[in-house]
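> Fold the following.
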Amino acid sequence: MATTFLALVLGHMVADYMLQTKKMALTKSQPGFTGLLWCTVHCLVYTLCVCAFVGSLNLAFAGLVFASHFPVDRYSLASKWLKMVGSRDFMAAYASCEKYHEVDLAFSCLVYAVCDNTMHLVALWFLVKYAGHMLGLY
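As a prediction, the model looks like this:
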């Protein structure tokens, strides 16, 4: 299971950092058809990458990977979570005129990235933990 999860993490990192274009990142959460299209394209690339790293052509596995990634990105769940718990707010840091607002902005971006990655990795962990045997991953 640990080897499979490591493959999932590597697939996640390659897909979300090396293969996600700026257009995908900035557009996938926007309302309307354009946002839906770019989120779908990103999630397809993500799914293919994760499947390649795991070495699985199982359609059920691919569907679960896609389904676990799509809502987090489409609805920007990391932003919603951070607002709900009263954590860092990227837009407030961006609009700030305080003396060291660049530091606040950079830290807010870091907190968002950690939150977003945690959501994705927890979803992948649940996938392996509760569906891994059924999907023949290990």
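
> Check what pLDDT Phe90 gets.
Per-residue pLDDT puts Phe90 at 69.

> ugh, typo on my part, it should be Asn58
89.

> Quick one: name whatever helix or strand follows the worst-scoring helix or strand of the chain on mean pLDDT.
Least confident helix or strand of the chain, by mean pLDDT, DSSP states H and E, is helix 90-95 with a mean of 73. Counting by DSSP states H and E, the next helix or strand C-terminal to helix 90-95 is helix 101-131.

> Check which helices and strands that next one sits against.
If you count contacts as 3 or more C-beta pairs under 8 Å, 6 or more residues apart in numbering; DSSP states H and E, helix 101-131 packs onto helix 2-13, helix 59-74, helix 77-84, helix 90-95. C-betas here are computed from N, CA, C, even on glycine.

> Residues contacting the last one, please?
Think helix 90-95. 79, 101, 104-105, 107-109, 112 (C-beta atoms under 8 Å, 6 or more residues apart in numbering).

> Run the chain-centre distance for that helix.
21 Å (C-alpha atoms, centre = their mean, to the nearest Å).

> Let's see it as CSV, backbone CA atoms only.
What follows is helix 90-95, C-alpha atoms only, in CSV (Å, rounded to 0.1, in the frame of the first residue of the first chain):
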residue,chain,number,x,y,z
PHE,A,90,-5.5,35.3,-0.3
MET,A,91,-7.7,38.2,-1.6
ALA,A,92,-7.4,40.1,1.6
ALA,A,93,-3.6,39.7,1.6
TYR,A,94,-3.6,40.8,-2.1
ALA,A,95,-5.7,43.9,-1.4
